[in-house]
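> Starting from these lines, generate the structure:
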Amino acid sequence: MESGNGQDTLREQVETYVRLQVAIGERPYAAIVDGAVEYLDDVEDEETVEALAREVAAVEFAAHATAQAQWPEVSDADRLTLAFRALDVAGIVAREAFTCCQNCGLAEIGAEVADGETPRGYAFYHQQDAEHGADGASLHVAYGLFGQPPSAEIGAEVAAALREQGLPVHWTGDLGQRISVPLTWWRRRTGRLAAVPPTVDDDVEVEIELLDAWTGRYAPTDGPIAATWLTSLYLPWLPTGTRLRISLGGTAITVHRDWDVLVGTSAAADRPEIRVDRQDGMALVRRLRADPASTGRPAQASERAAPAERTGPGGEAGAAGRAGLLEVTWQHSAGHEYQGVPLTRSESVDVLRRMPVRTDAWMSCRGRSRGIVQVRWEERRLWLETPDPEASASFGRYVTIPEAERMIGVLATEDRVAVAELGDLVRNSWG
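Residues are numbered from 1 along each chain as shown. Coordinates of the predicted model:
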């Protein structure tokens, strides 16, 4: 292990890396910690790097949360995303933080074109560009035509879309230069992207086993994991219909989610199920610790889950996180689908805004009372509808992104489908 100035240098390296990744706003806590270890893979003691990364990430996530509470409702990062969606709609394939570098972006942007679509051009910035932007430098956007030399017309259209959203643009029309966008990189973190493991006195390593499929980029894998990581970074987003077994000291509990409640059941018939808020998964682990079978001795008072942790008023799980929740299934590009993920209103809107404008991109939101609002891109137009099983039909129309955001917001916060308020709906009968 390094000491003295060497240890100070290591901490500075970890702080620089973590602070930048937190600011970029694309990766959750665990991925940033893992990334720090990989980034500093020339350091012999990986455990030291990981411990530092965990410590620094907790501080930086807290600072980011405090800062974003003071940001304006619409940030430059929001404007950037809205500009890219407008370009998508106009027939220019636009991607954010796309691939690692310029060469890879140019090589792979063609794969973003769905079968049967004929876009007029492309625009993107890559991950290194995002790092520069988050570090205070101008963002640079590449543009061009597919399979042809660069086009001044496409460049001008990209620049105009950025200006339309209120972003400053520096570009002279030189085809040899990318479009420069000086901006304040304020990327909000919500939900999973804002989650941080808490510091508790009774953390413990548990074994987990997925009993059903859990799709998505950041799904957990079978094996050992710290209980605080499992219960703060993964269990709150347990997909619909997915069961997970948690084992500790020879005792196991199987967990599934019932809307905003985590339900834990034991194989032993004499042990009742436990129901806790989806954010309070540590109460499930504490039940395992309180089970005499896991320790070989009677449970101590300090290990028993307190009644307030088990239930809320009326014997139900507490109300934290209950308001504004949806179960969301979406596909952003071919082969990348997320099934039945519990998301808040802000998380759901973020999914919508980041959804590329391509025919195979779609999103379905289900409210607590099972009302559904779903959207899909069709030839660069956003179709929104709600299914009506009693009528054996769905009702909808093409909408703007703000209209879709409003419909999703009403479903999340009021638990009702407000699609009829859009007017001029089209009926699509089934069968």
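
> could you pull out the strands for the stretch 251-400 of the chain?
251-258, 261-265, 274-277, 325-333, 336-344, 362-366, 372-378, 381-388, 393-399 (DSSP state E, counting those that start in this stretch).

> Now tabulate these in JSON lines and tack on mean neighbour count and distance to residue 133.
(C-beta placed from N, C-alpha, C; glycine too.) JSON lines is the format used below for the strands of the stretch 251-400 of the chain (neighbours: other C-beta atoms under 10 Å; distance: least, C-beta to C-beta, whole Å):
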{"stretch": "strand 251-258", "mean neighbour count": "20", "distance to residue 133": "36"}
{"stretch": "strand 261-265", "mean neighbour count": "19", "distance to residue 133": "38"}
{"stretch": "strand 274-277", "mean neighbour count": "22", "distance to residue 133": "37"}
{"stretch": "strand 325-333", "mean neighbour count": "20", "distance to residue 133": "22"}
{"stretch": "strand 336-344", "mean neighbour count": "18", "distance to residue 133": "25"}
{"stretch": "strand 362-366", "mean neighbour count": "20", "distance to residue 133": "27"}
{"stretch": "strand 372-378", "mean neighbour count": "21", "distance to residue 133": "26"}
{"stretch": "strand 381-388", "mean neighbour count": "19", "distance to residue 133": "27"}
{"stretch": "strand 393-399", "mean neighbour count": "17", "distance to residue 133": "30"}
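
> Make CSV from those strands and add distance to residue 117 and mean pLDDT to it.
Shown next, in CSV, are those (distance: least, C-beta to C-beta, whole Å; pLDDT from 0 to 100):
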stretch, distance to residue 117, mean pLDDT
strand 251-258, 37, 96
strand 261-265, 42, 96
strand 274-277, 43, 95
strand 325-333, 13, 90
strand 336-344, 18, 90
strand 362-366, 15, 97
strand 372-378, 10, 96
strand 381-388, 12, 96
strand 393-399, 17, 98
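
> and those as a markdown table, adding distance to residue 196?
Converted to a markdown table, those look like this (distance: least, C-beta to C-beta, whole Å):
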| stretch | distance to residue 196 |
| --- | --- |
| strand 251-258 | 21 |
| strand 261-265 | 19 |
| strand 274-277 | 17 |
| strand 325-333 | 20 |
| strand 336-344 | 16 |
| strand 362-366 | 26 |
| strand 372-378 | 31 |
| strand 381-388 | 34 |
| strand 393-399 | 36 |
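
> ok, residue 56 touching residue 16?
No: between residue 56 and residue 16 there is no contact under C-beta atoms under 8 Å: 9.6 Å.

> Which parts of this structure are helices?
5-24, 29-39, 46-68, 76-89, 102-108, 127-134, 152-164, 227-229, 282-290, 292-295, 307-310, 345-354, 401-414 (DSSP state H).

> mean pLDDT for those: which is lowest?
Lowest mean pLDDT within those: helix 307-310, at a mean of 36.

> I figured residue 237 hits residue 215, correct?
No: look at residue 237 against residue 215 with C-beta under 8 Å: they stay out of range, at 11.7 Å.

> Neighbours of the spatially closest residue to residue 19 that is not a sequence neighbour, how many?
Of all residues not flanking residue 19 in the chain, residue 60 sits nearest, at 5.3 Å (C-beta to C-beta, 6 or more residues apart in numbering). The number of residues packed near residue 60 is 20, by other C-beta atoms under 10 Å.

> Then residue 200?
So residue 200, with other C-beta under 10 Å, has 14 neighbours.

> likewise residue 41?
Neighbours of residue 41 under the rule other C-beta under 10 Å: 9.

> Next one: it relative to residue 8, how far apart?
Distance from residue 41 to residue 8, counting by C-beta to C-beta, to the nearest Å: 20 Å.

> swap in residue 341?
41 Å.

> ok, now residue 377?
Here the distance between residue 377 and residue 8 works out to 50 Å (C-beta to C-beta).

> now residue 387
Distance, residue 387 to residue 8, using C-beta to C-beta: 60 Å.

> For the closest residue to residue 197 other than its chain neighbours, which residues are in contact?
Leaving aside its sequence neighbours, residue 197 sits nearest to residue 228 (C-beta to C-beta, 6+ apart; 4.1 Å). By C-beta atoms under 8 Å, 6 or more residues apart in numbering, residue 228 lies in contact with 197-200, 203, 282.

> same thing but at 10 Å, please
Listed by C-beta atoms under 10 Å, 6 or more residues apart in numbering, the contact partners of residue 228 are 196-200, 202-204, 281-282, 285.

> ok, and the most crowded of the residues you listed?
With neighbours taken as other C-beta under 10 Å, the top of these is residue 285, carrying 25 neighbours.

> pretty sure that residue contacts residue 264?
Yes: the criterion here is C-beta atoms under 10 Å, and residue 285 meets it with residue 264 at 9.3 Å.

> Find the residues that touch each one of these two.
The contact lists of residue 285 and residue 264 share 246, 253, where a contact means C-beta under 10 Å, 6+ apart.
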